[in-house]
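pasting the structure only:
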């Protein structure tokens with residue numbers, strides 16, 4: 001579903017990405033670990049079409065992002081570290097607006113069901129987003145992905161600043177989406193969350209994907225040790 005082929009991005013003499021090769025299948029959660037500047041966000045931005053690669057390609061569902069940016073966006077949903085919503089609108093109004101931008105039209109009860117599936121309590125559906133916690137905003141982001149019927153979900157530090165309960169709830173929702181066939185690429189600093197939720201884990205350093213690990217074959221402590229040795 002998500003594929004990078006020799007994906008390269010340079011800024012002057014600095015290589016933000018160095019011939020990255022990566023494939024993420026339907027129903028798979030792939031976590032990217034690495035320090036700031038390792039290339040995690042650059043990778044996500046290439047898939048989003050926010051930046052143009054200097055070489056190689058990023059494709060979604062077999063479609064080149066650079067050549068068909070509007071088509072590839074149909075398959076995607078994106079949740080950044082801070083989900084940008086309209087604070088004066090309710091959760092359900094934000095969901096209605098953003099799903100309409102993607103070409104979908106839903107009745108209010110359908111929108112409410114998407115928010116519930118994303119784990120947002122019913123009492124918050126009609127409250128203004130300006131009063132939401134970060135975890136509640138993230139759930140609206142997930143509901144938008146559900147409403148868009150996204151085949152691929154890109155996340156940049158999605159659990160940063162969440163308390164353990166909210167972070168665990170978020171991980172459960174990601175697993176459910178993956179079980180329904182969504183491909184998930186998650187950039188994170190959270191080693192233990194990556195181990196808990198991902199099928200595979202990649203470690204990046206200076207624009208290179210230096211390790212790819214099957215999450216089932218490594219303990220959290222072993223992953224932490226490998227990460228520290230790498231970076």
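Arrived safely, thanks for sending. Source: prediction; values computed, not measured.

Next, work out how far apart the nearest residue to residue 129 once chain neighbours are set aside and residue 108 are.
Nearest non-adjacent residue to residue 129, counting by C-beta to C-beta, 6 or more residues apart in numbering: residue 85, 4.7 Å away. Every C-beta, even on glycine, is put in place using the N, C-alpha and C of the backbone. As defined by C-beta to C-beta, to the nearest Å, residue 85 lies at a distance of 18 Å from residue 108.

The two: which is more packed in?
residue 85 (23 against 13; other C-beta atoms under 10 Å).

ok now stretch 31-41, how far from the chain's centre?
Chain-centre distance of stretch 31-41: 13 Å, with C-alpha atoms, centre = their mean, to the nearest Å.

Kindly report the domain assignment for the protein.
Segmentation of the chain into domains, based on automatic domain parsing, reads 2-75+153-230, 91-150.

Can I get these in JSON lines including distance to residue 81 and mean pLDDT?
As requested, the domains of the chain are exported to JSON lines (distance: least, C-beta to C-beta, whole Å; pLDDT from 0 to 100):
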{"stretch": "domain 2-75+153-230", "distance to residue 81": "4", "mean pLDDT": "92"}
{"stretch": "domain 91-150", "distance to residue 81": "9", "mean pLDDT": "93"}
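
what's the next secondary structure element after the longest helix along the chain?
Using DSSP state H to define each element, the chain has its longest helix at helix 164-179. Helices and strands here follow DSSP states H and E; after helix 164-179, the next one along the chain is strand 183-188.

Which elements pack onto that next one?
Applying 3 or more C-beta pairs under 8 Å, 6 or more residues apart in numbering; DSSP states H and E, one finds that strand 183-188 contacts strand 14-24, strand 29-33, helix 40-48, strand 152-156, helix 164-179, helix 191-197.

Adding distance to residue 68 and mean neighbour count, write these out as TSV.
Output for these, formatted as TSV (distance: least, C-beta to C-beta, whole Å; neighbours: other C-beta atoms under 10 Å):
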stretch	distance to residue 68	mean neighbour count
strand 14-24	19	18
strand 29-33	23	25
helix 40-48	13	23
strand 152-156	14	24
helix 164-179	24	17
helix 191-197	30	21
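
wait, which of the ones you listed is closest to residue 144?
Taking C-beta to C-beta, strand 152-156 is the member of these nearest to residue 144, at 10.2 Å.

how far away is the spatially most central residue of the chain from residue 130?
Closest to where the C-alpha atoms of the chain average out (C-alpha atoms, centre = their mean) is residue 155, at 1.9 Å. Counting by C-beta to C-beta, the separation of residue 155 from residue 130 is 23 Å.

try residue 145
Applying C-beta to C-beta to residue 145 and residue 130 gives a distance of 22 Å.

ok, now residue 46?
Taken as C-beta to C-beta, the span from residue 46 to residue 130 is 33 Å.

try residue 39
Distance from residue 39 to residue 130, by C-beta to C-beta: 34 Å.

Compare those two and say which is more crowded by neighbours.
residue 39 (25 against 11).

residues contacting the residue lying closest to the more buried one once chain neighbours are set aside?
Once flanking residues are discounted, residue 39 sits nearest to residue 207: 4.4 Å by C-beta to C-beta, 6+ apart. By C-beta atoms under 8 Å, 6 or more residues apart in numbering, the contact list for residue 207 reads 9, 15, 16, 17, 18, 20, 38, 39, 42.

Would you format those residues as a markdown table with distance to residue 180 included?
Listed next are these as a markdown table, based on distance: C-beta to C-beta, whole Å:
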| residue | distance to residue 180 |
| --- | --- |
| 9 | 32 |
| 15 | 36 |
| 16 | 33 |
| 17 | 30 |
| 18 | 34 |
| 20 | 27 |
| 38 | 30 |
| 39 | 29 |
| 42 | 28 |
